[in-house]
Each structure stands twice: as structure tokens, then as C-alpha cells.
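Trainee: model this:
(one chain, ligands or ions: 2)
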Amino acid sequence: MNKILTLLLNLELWILQDTFAARHSLKYFIIATSGVKNFPEFVGAAEVDDVRLGYWDSDIQSPELKQEWMRQLVRDIPEQLDWYKRKCSGNQLVFRKHLEALSQRLNQSGGSHVLQRLNGCDLDEESGEVVGYNQYGYDGEDFIALDLQTLMWTAPSSQAFTTKLIWDNDIDRLQYNKRYYIKKCPEWLKMYVNYGRSVLQRKELPSMALLQKTPTSLVCCQATGFYPKLAMLFWRRDGQELYEHVEHGEILPNHDGTFQMSVTLNVSESPLAQWAEYECVFQLSGVEEQLVIKLDKDAIQTNWIPPSNFPAGAVIGGAVGVLLVLVAAVAAGCYTRRRNGEFRAVNTGVELALPEC
Ligand SMILES: *[C@@H]1O[C@H](CO)[C@@H](O)[C@H](O)[C@H]1NC(C)=O
Ligand SMILES: *[C@@H]1O[C@H](CO)[C@@H](O)[C@H](O)[C@H]1NC(C)=O
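Mentor: Ligands and ions are numbered 1, 2, ... in the order given. Modelled structure (predicted):
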């Protein structure tokens, strides 16, 4: 990442930090597929402040609530669960129809196709400002999005133009959308935030580790188990943040509702004698304390075994084998680069392999 971008990110973090407690988001993700093997035809998920509330797919056919406070909420307000059940099974049919209509409009016969939707709203509790969004992706590209100001659909590619014309004529649906994003979505978001406040506003610091595949690979600094998602991880040398030979990974969700991220450093031009000058630093929004891990040969976890000592597999079993698998799994997060760009919101939220790492 270049210097300007990192500076901007830092700035953003500081600005967000001030207003963080007042800003909330409610997001819904849908993935509908046709002709994709070993993946449910329909998957839906809901998140508040990037924390997963619930999950539904066409194989399980019933909502799974992921937070204790959400289970309490549906005990108090059973209509909530009824609404999600209705919406999920209804949307499964709606999205199947969308997929059929799209492949006809685009002259695609057969094959596998994926339609994704990201919708929801952001709310600033202090100013009361609400921003709603509803956007679709088709086969991994941004497809069509609702402009709530003009109440028209916008299509970035000519592929979606016919769909835009048809959807622009569906006035009832547009009006429903308008009411939903201005009223219902922020109301529900406020209710969820009130139920989950103590969980949503907690702070958890991560554990940190240094990982390296082979002695010539990049050194990956990983922080896992932090909450909230607003955090920075960077390399520092003699107290100065490094921008060169550094690659930042994206923040990824863990199973338990915390997050992980990584940043790599290319040490190929730094002699071992200088390593002590380098350190990897983690900072969580709203927490002054920084976590620091020094670059140290002995602190690096690796599954690399010098070739001459490699005992042809016989000795690698049991505990060592398990360890190798673990290290490989952890390290994988450091070396996968994700697609960046304009359409990120749709693409990162609902990848086919739902991020489980
Ligand atoms: C689909 O095929 C029809 C008839 O062959 C053609 O007129 C139309 O332009 C095609 N549409 C697309 C999006 O390629
Ligand atoms: C690290 O940097 C060196 C020199 O700049 C470069 O040749 C090498 O390919 C880089 N290593 C990796 C893994 O990117």
C-alpha cells in the first residue's frame, strides 16, 4: 500500500474513533446461485456493526441466531423471527426468479450463475443521519444499485440496462424500498444496538504472532481475536511507521465474532543484525495501549524444515503433523490477496466461500 493511502487510513481511523460510538450499521447479505454444486441455492445473513446476527440457507430452512442478545430479542418480540422466516423463504423464490430472468435477458443458457445482494442502512445516532443502500452483483461484478435520492436504479454496465428499465417501472417496489430504508431499517438497527450494546461496544485485544513460510519469505505479522473491527496493524522501525516493503491484508472475521488482520514485511534486504530495530504494532480504536511484537528470529513460527534434515516424512506424524497443518492454516491468511476495487462491498461481503478463517 502506498504512503498516501496509509496516511488516509490512519486519518480515517482517528476520525472514526471520535464518532465511533455513535455510528452503527445494519447489513443484509444474500447469495443466490443456479447450477453451482455443493453450495446452497440461497444464503442470507444479517450483521450489525459487522457482527453476525443471524444466518439462513436453503438447506437448513430456518434462521440461526448467532448472538445471545438476538435470541433474547426474539423471545421478547417473536414477530422479528417470523419476519425473517417469511423474508428468507420469500426471497429464495424471488432470487430464483431474478436469476432465471437474468440468464434469459443475457442469452445465457445453463452454466452456473451467482446473484448477490448487499443492502442495509448506516445510522449516526448523534446527528440522526441515515444512509440506505441496496446493491446487486451478478457473476462477481457490480450489476445494479438503487439510488435512494432519485429513486431510480443505476446500472454501471450495459448488461444491466434492460433490468434497470424493468425495475424502474416497478413503482410499488421502489416506494417500498424508500419507506424501508428511511424508516424501518434505522428503527430496527436502533433496537438491535440497544439489545446488543454491551457486546457491540466491548473492546478485545488480539493475540499476535509472527509467521514465515521459509527463511526467504515475507514475515507476516498477524493479530487475531480483536474487537471491534476498527484497528490498525503496521510495521515500525526505530519508532517510524514503514511504508515500503510492507503489504497490508484486509480485516477478516473469526468464528467467535472477533476479527483478524495481518501485515507482511519483506526483510530480504535487512541483515539479521538490524532485525531488532523492527517491530509490528497493533492499535485498537478507542484503546490507547499498543500491542508490540519485536522482529526476532526465535519468535517466528514456521513450518519450514531445512531440506538436509528432512527425514522423508517418516518422523512427521502425530503432534508435528498437526502443528504443520495449524501453521499452514494460519499462514494462509497472510498470503492470500483479495480483489480490491469499486465493487468491493458486494464482493467481499458475500464471497462464495464465506470467509470462515
Ligand atoms: C439475445 O439474443 C437475441 C436474439 O438472438 C438478440 O436480439 C439480443 O440482442 C441478445 N441479447 C443480448 C444481451 O446479447
Ligand atoms: C523482497 O524484496 C526483494 C528486493 O526488493 C525482491 O527481490 C523479492 O522478490 C521480494 N520478496 C518477495 C517475497 O516479494
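
Trainee: so Arg237 makes contact with Trp275?
Mentor: No - shown here, Arg237 and Trp275 do not form a contact pair, counting by C-beta atoms under 8 Å, at 10.0 Å. Bear in mind the C-beta positions are built from the backbone N, C-alpha and C, glycine included.

Trainee: Would you mind listing the residues in contact with the residue of the chain found nearest ligand 2?
Mentor: Nearest residue of the chain to ligand 2 (C-beta to the nearest ligand atom) works out as Asn266 at 3.7 Å. Counting by C-beta atoms under 8 Å, 6 or more residues apart in numbering, Asn266 touches Leu218, His245, Val246.

Trainee: Now it: phi and psi?
Mentor: Per-residue torsions, Asn266: phi -90, psi 110 (degrees, to the nearest 10).

Trainee: Can you check the pLDDT for it?
Mentor: pLDDT recorded at Asn266 is 94.

Trainee: how far away is it from Leu218?
Mentor: 5 Å (C-beta to C-beta, to the nearest Å).

Trainee: and what of Pro78?
Mentor: 52 Å.

Trainee: What ranges in the stretch 1-150 of the chain fall below the confidence cut-off?
Mentor: Where the stretch 1-150 of the chain drops to pLDDT under 70, the residues are 1-21.

Trainee: For it, just list every one of the strands.
Mentor: Per DSSP state E, counting those that start in this stretch, the stretch 1-150 of the chain carries strands over the ranges 23-34, 42-48, 51-57, 64-65, 113-124, 130-138, 141-147.

Trainee: Partner strands of the helix or strand following the last one and their direction?
Mentor: Same thing as strand 141-147. With elements assigned by DSSP states H and E, the helix or strand that comes after strand 141-147 is strand 152-154. Applying DSSP bridges, strand 152-154 is found paired with strand 141-147 (antiparallel).

Trainee: List the buried residues for the partner strand?
Mentor: Across strand 141-147, burial judged by 16 or more other C-beta atoms under 10 Å covers Asp142, Phe143, Ile144, Ala145, Leu146.

Trainee: Can you name the residues that contact the residue nearest to the last one when sequence neighbours are not counted?
Mentor: So the one you mean is Leu146. Excluding the flanking residues, the one nearest Leu146 by C-beta to C-beta, 6 or more residues apart in numbering is Asn134, at 4.2 Å. Taking C-beta under 8 Å, 6+ apart, we find Asn134 in contact with Arg117, Leu118, Asn119, Ala145, Leu146, Leu148, Asn177, Tyr181.
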